[in-house]
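>>> Mind looking at a prediction? Sequence and model below.
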Amino acid sequence: MTYQQSYEQWKSALAGSEYEAELLAMAADGDTLQDSFYKEMEFGTAGMRGIIGLGRNRMNVFTVRRATQALANNILKNGDPEAGVAIAYDTRRNSDLFARETAGVLCQNGIHVFMYDTPHSVPQLSFTILELKTTAGVVITASHNPPEYNGYKVYGEDGGQCPVADSDRITEYISRIDDMFHIDSMPLDEAERTGLLTYIGDKLDEIYFKKVEDLCLIPDIVKQQADTLNIVYTPLHGTGNIPVRRVLKDLGYKNIHVVPLQEYPDPAFPTVKAPNPEERQCFDLAMALANQKNADLILATDPDSDRLGVAVRDDSNDFTILSGNEIGCLLMDYVLFQKQPSFTGDEFVVKSIVSTDLADVIAAHYGVKLRSVFTGFKFIAEQIKLSEQTGKGKFLFGYEESYGFLQGTFVRDKDAVQAAMMVAEAACWYASKGITLYQAVIAMYEKYGWFEELVVSKTLYGKEGIEKIQNAVKALRAGYPARIGSFDVLAVRDYLKQERTDMRTGDKTPIPMEKSNVLYFELDGARFIIRPSGTEPKLKSYLSASSADKSEAKYLLGKLKEDAVALIEKLTD
């Protein structure tokens with residue numbers, strides 16, 4: 001079906017409805033019309049994510065109902081409908097509407113729903129699935145994307161994002177639904193009256209807060225230092241406002257200043273271009289308040305509160321924003337140091353393959369196994385589940401360079417509430433030793449080596465853009481380059497082919513991981529990883545260089561950036 005045919009189908013189906021005027025107005029913008037209707041919205045392992053609007057490639061009540069009916073079909077066939085589904089939503093536009101639509105369709109299918117009636121974070125949804133032992137979960141969120149986006153994330157009974165087998169089945173069920181305009185939905189008052197819908201109260205929040213607070217490794221030192229630590233926090237208009245502040249307050253932190261203009265929910269996110277704590281602009285208002293309050297530390301969470309950004313004062317008393325790798329390695333080093341006396345030899349930590357190799361060095365220093373997984377926190381959650389099923393391995397910490405961190409296994413996704421508590425705790429520990437967090441980061445590099453990282457992304461919108469992204473990786477795979485700019489390629493790890501090729505000898509060795517569209521180039525003194533984003537129209541590349549000398553590591557990364565940008569431009573021209 002062409003996009004024009006799809007558009008006419010929608011226009012006919014919704015004639016005379018509240019959506020008619022919006023559909024008619026879309027005809028004046030050819031590019032938007034094509035992008036809205038040229039394909040079905042994809043349902044991947046992270047569910048759906050896209051721009052809010054009408055069309056089969058947009059987030060709207062019809063695509064949400066269809067995805068939910070497919071989820072219901074999968075649960076009725078392969079899950080446990082009596083165990084039910086937990087639902088949460090963030091502060092984005094239409095999040096509450098899409099959550100109610102999800103609940104109505106599930107209840108119509110006889111599936112019990114447990115739903116929050118106020119915005120809640122992703123980690124709280126993951127916790128709820130495990131606590132209530134539901135068969136699945138759904139959270140309506142687009143995480144850190146710009147305000148025009150929303151999303152639909154599905155979780156499995158283990159509290160982690162939807163397993164590949166389930167997402168494939170849901171995709172298949174979606175493809176069988178020919179008419180998305182007449183999917184039955186039960187009114188929520190009827191669902192509540194008949195016992196199919198249960199609204200979740202405050203009790204689970206209190207259990208979650210207690211479990212997070214119990215992760216504190218040095219409560220006595222926190223009590224000693226909490227009064228002196230001066231923190232500025234911004235929830236960036238999102239769901240972290242209540243849980244982050246509550247946990248820090250319970251642990252004794254009294255000097256917490258929340259950025260007023262970013263404190264309360266606002267789906268327009270008017271103070272930022274995108275509510276992404278990876279971006280420096282998100283710290284502008286927080287830094288101004290921190291200088292006014294003479295704060296030591298800035299914490300920032302995204303709208304669904306699964307990502308944490310951190311800024312610390314450097315030796316010049318200016319604020320330095322830590323990278324996701326720096327936060328992850330700082331916390332990993334801290335957790336392993338504190339827990340080292342109780343090690344039995346079966347402990348492990350987890351990181352994504354695109355995260356810094358500094359984590360490998362830290363794990364080796366403590367004699368702890370490090371497991372590398374694909375990008376996506378569901379793969380870290382799978383390692384926790386595997387250790388529980390086999391009785392082998394004790395999970396201590398997991399992280400992704402994209403600002404996702406986890407210590408406690410009662411959540412199976414990245415948790416910015418846990419991470420905020422851990423960063424504040426680490427600040428107290430180092431303060432008790434007369435060291436700032438910035439100095440702790442520098443000491444970490446001096447101890448383990450200097451690792452410089454950078455993510456280079458190219459965004460390409462629309463049908464043509466998606467094709468260019470896919471073709472760029474295909475071109476690299478078709479003939480591995482012997483050099484990337486000034487760097488010799490020593491080996492290539494092709495995770496789609498599941499093999500590593502030694503470029504000097506031609507020898508090939510298997511990679512014992514699932515297939516993924518990722519290419520990993522081992523370079524002389526550096527590495528270059530490239531993959532299409534699974535949630536955004538981006539070609540993402542991860543650059544890394546290391547050396548015992550800081551200046552040398554920075555120089556190598558600078559050269560690699562030049563070479564990588566040139567290569568990406570050539571591939572997407």
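Everything's here; your move.
>>> which helices and strands sit right next to the helix ranked longest in the chain?
The helix that spans the most residues within the chain, counting by DSSP state H, is helix 550-572. The contact analysis (3 or more CB pairs under 8 Å, 6 or more residues apart in numbering; DSSP states H and E) places helix 550-572 against strand 450-459, helix 462-478, strand 483-484, strand 487-494, strand 526-532, strand 538-547. Where you see a C-beta, it was placed from the backbone N, CA and C, and this is true even at glycine.
>>> Just the residues contacting the helix or strand of the chain with the lowest mean pLDDT, thanks.
Taking mean pLDDT, DSSP states H and E as the measure, the helix or strand of the chain with the lowest value is helix 462-478, at a mean of 89. Contacts with helix 462-478, where a contact means CB atoms under 8 Å, 6 or more residues apart in numbering, come from 31, 34-35, 38-39, 458-460, 494, 496-497, 517, 519, 530-532, 537-539, 568, 571-572.
>>> List the buried residues for it?
Residues of helix 462-478 classed as buried by neighbour count (16 or more other CB atoms under 10 Å): 465-466, 468-469, 472-473, 476.
>>> Quick one: distance of the longest helix of the chain to the chain centre.
26 Å (CA atoms, centre = their mean, to the nearest Å).
>>> same check, this time on stretch 130-144
With CA atoms, centre = their mean as the basis, stretch 130-144 stands 14 Å off its chain's centre.
>>> Output the longest helix of the chain as PDB, nothing but the C-alphas.
Extracted C-alpha coordinates of helix 550-572, given in PDB (Å, rounded to 0.1, in the frame of the first residue of the first chain):
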ATOM      1  CA  LYS A 550      45.800  12.000  29.100                       C
ATOM      2  CA  SER A 551      47.100  14.200  26.300                       C
ATOM      3  CA  GLU A 552      47.800  11.300  24.000                       C
ATOM      4  CA  ALA A 553      44.300   9.800  24.600                       C
ATOM      5  CA  LYS A 554      42.700  13.200  23.800                       C
ATOM      6  CA  TYR A 555      44.900  13.500  20.600                       C
ATOM      7  CA  LEU A 556      43.900  10.000  19.400                       C
ATOM      8  CA  LEU A 557      40.200  10.700  20.000                       C
ATOM      9  CA  GLY A 558      40.400  14.000  18.100                       C
ATOM     10  CA  LYS A 559      42.000  12.300  15.100                       C
ATOM     11  CA  LEU A 560      39.400   9.400  15.300                       C
ATOM     12  CA  LYS A 561      36.600  11.900  15.400                       C
ATOM     13  CA  GLU A 562      37.800  13.600  12.200                       C
ATOM     14  CA  ASP A 563      38.100  10.300  10.400                       C
ATOM     15  CA  ALA A 564      34.800   9.000  11.700                       C
ATOM     16  CA  VAL A 565      32.900  12.100  10.700                       C
ATOM     17  CA  ALA A 566      34.400  12.000   7.200                       C
ATOM     18  CA  LEU A 567      33.500   8.300   6.800                       C
ATOM     19  CA  ILE A 568      29.900   8.800   8.000                       C
ATOM     20  CA  GLU A 569      29.400  11.700   5.600                       C
ATOM     21  CA  LYS A 570      30.700   9.600   2.800                       C
ATOM     22  CA  LEU A 571      28.500   6.700   3.700                       C
ATOM     23  CA  THR A 572      25.300   8.800   3.900                       C
END
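>>> Sketch out the low-pLDDT regions of the stretch 301-450 of the chain for me.
Nowhere does the stretch 301-450 of the chain drop to pLDDT under 70.
>>> so where does the closest residue to Ala364 other than its chain neighbours fall, helix or strand?
Distances taken as CB to CB, 6 or more residues apart in numbering put Leu370 closest to Ala364, at 7.6 Å, once the chain neighbours are dropped. Using DSSP states H and E, Leu370 sits within strand 369-373.
>>> Same question for the next helix or strand after that strand: list its buried residues.
Once strand 369-373 ends, the next helix or strand along the chain (criterion: DSSP H and E) is helix 377-390. Of all the residues in helix 377-390, those buried under the rule 16+ other CB under 10 Å are 377-385, 387.
>>> Between strand 369-373 and helix 377-390, find me the angle.
Here the directions of helix 377-390 and strand 369-373 differ by 130 degrees (axes from the mean of the first three to the mean of the last three CA atoms, to 10 degrees).
>>> could I have helix 377-390 exported to PDB, CA atoms only?
This file holds the C-alpha atoms of helix 377-390, laid out as PDB (Å, rounded to 0.1, in the frame of the first residue of the first chain):
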ATOM      1  CA  PHE A 377      19.100  -2.300  29.200                       C
ATOM      2  CA  LYS A 378      17.000  -5.400  28.500                       C
ATOM      3  CA  PHE A 379      20.200  -7.300  27.900                       C
ATOM      4  CA  ILE A 380      21.600  -6.300  31.300                       C
ATOM      5  CA  ALA A 381      18.300  -7.500  32.800                       C
ATOM      6  CA  GLU A 382      18.600 -10.800  31.000                       C
ATOM      7  CA  GLN A 383      22.000 -11.400  32.700                       C
ATOM      8  CA  ILE A 384      20.300 -10.800  36.100                       C
ATOM      9  CA  LYS A 385      17.600 -13.300  35.200                       C
ATOM     10  CA  LEU A 386      20.100 -15.800  33.900                       C
ATOM     11  CA  SER A 387      22.100 -15.700  37.100                       C
ATOM     12  CA  GLU A 388      18.900 -16.300  39.100                       C
ATOM     13  CA  GLN A 389      17.800 -19.200  36.900                       C
ATOM     14  CA  THR A 390      21.200 -20.900  37.000                       C
END
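>>> Measure how far that helix is from the centre of its chain, please.
With CA atoms, centre = their mean, you get 17 Å for helix 377-390.
>>> quick revisit: ok, of the contacts of helix 462-478, which come out buried?
Among the contacts of helix 462-478, those buried by neighbour count (16+ other CB under 10 Å) are 34-35, 38-39, 458, 494, 517, 519, 530-532, 537-539, 568, 571.
>>> and of those, the nearest to Pro147?
Set against Pro147, the nearest of these by CB to CB is Pro537 (16.7 Å).
>>> that older thread, could you say what helices and strands the strand holding Leu370 packs with?
Applying 3+ CB pairs under 8 Å, 6+ apart, we find strand 369-373 packed against strand 347-352, helix 358-365, helix 377-390.
>>> Try it again at 6 Å.
strand 347-352 (3 or more CB pairs under 6 Å, 6 or more residues apart in numbering; DSSP states H and E).
>>> CA atoms only for the strand it packs on, dumped as PDB, please.
In PDB, the C-alpha atoms belonging to strand 347-352 read as follows (Å, rounded to 0.1, in the frame of the first residue of the first chain):
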ATOM      1  CA  GLU A 347      30.300 -11.700  41.500                       C
ATOM      2  CA  PHE A 348      29.800 -10.000  38.100                       C
ATOM      3  CA  VAL A 349      29.100  -6.600  36.600                       C
ATOM      4  CA  VAL A 350      27.500  -5.900  33.200                       C
ATOM      5  CA  LYS A 351      28.000  -3.200  30.600                       C
ATOM      6  CA  SER A 352      27.000  -2.600  27.000                       C
END
